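> pasted the sequence and its predicted model underneath.
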Amino acid sequence: MRSRSNQAVEWLAAAATDPRACKRQWHADNGTAVLAAGRFWDVLSVPEELGLLALDVLLRNPRQEPGPTLCDFAAHRVGFFLPPDPDSRWVGTGIRYAGRGAWIAAPPPNRVTGFLRWLVPPDGSGTLYLPTAVELALQEATGLLATLLGPVASRPPDGTVAATGTDRPTHRRPCGPGVPNNDSSPE
């Protein structure tokens, strides 16, 4: 039987075009590999401040088993791993969605230090966040930020506009057969 650590390495490396090369990269100097999103998981990336608050909300929910959560402290971003969904569309200030055709930089599952590290490492079981749970957590975190920051949005160091109470992240899916998108708002 494989250890949880080995299971996590195998699960995450499976997303690479060459899993063996991926594992070699993790053992190299910078220990980071580029992995394809959209096959086993998608990644919802949000501004760090919002993501850390949303993660706190998710971790306090006993009904939601946490999925992998990656943080890039250099880029000030937090990434939540979600089930792959080619029709998914997320809308909100600073929201980025990596699905099929996108790539992410990922450290080995056991890395918990450095600029790029796991806040919740993958455990190898394939557990991912439910999109609705992440959406609700982001909305709660946005409300908290709006309360803390007041009615005027501020500009953090990365130049994005901080979320306010009127700019809540939302997850949208097309309605009806053959409808490419039901959202007419700009991205």
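That came through fine.

> how about the strands in the chain?
33-36, 42-47, 69-72, 77-82, 89-91, 96-98, 103-106, 116-120, 170-172 (DSSP state E).

> which residues are in contact with the nearest residue to A37 once chain neighbours are set aside?
Nearest residue to A37, sequence neighbours excluded (CB to CB, 6 or more residues apart in numbering): A98, at 4.1 Å. Backbone N, C-alpha and C define where each C-beta goes, glycine included. Each residue near A98 by CB atoms under 8 Å, 6 or more residues apart in numbering is listed here: A37, G38, D42, V43, L44, S45, G79, I104.

> where does the fifth one land on pLDDT?
Turning to L44, the model gives it a pLDDT of 97.

> now it. Nearest residue, chain neighbours left out?
Using CB to CB, 6+ apart, the nearest residue to L44 is F80, at 4.8 Å.

> so the one you found versus P169, what's the distance?
11 Å (CB to CB, to the nearest Å).

> then V91?
Here the criterion is CB to CB. By it, V91 lies 7 Å from P169.

> of the two, who's got more company?
P169 (23 against 16; other CB atoms under 10 Å).

> give me every residue that touches that one.
Per CB under 8 Å, 6+ apart, neighbours of P169: V46, L50, W90, V91, G92, I95, E135, L138, Q139, T142, A163.

> before we move on, back to that, who touches both of F80 and P169?
Joint contacts of F80 and P169 (CB under 8 Å, 6+ apart) are V46.

> circling back: tabulate the strands of the chain (a markdown table), appending distance to L59.
Rendered in a markdown table, the data for those read as follows (distance: least, CB to CB, whole Å):
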| stretch | distance to L59 |
| --- | --- |
| strand 33-36 | 24 |
| strand 42-47 | 16 |
| strand 69-72 | 9 |
| strand 77-82 | 12 |
| strand 89-91 | 21 |
| strand 96-98 | 22 |
| strand 103-106 | 21 |
| strand 116-120 | 8 |
| strand 170-172 | 20 |
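
> the residue nearest to L44 bridge partners, please.
F80 has these beta-bridge partners by DSSP bridges: L44, T69.

> tell me how many other residues crowd it.
28.

> same question for L145.
L145 has 20 nearby residues by other CB under 10 Å.

> now do it, the pLDDT please.
So L145 comes in at 91 (pLDDT).
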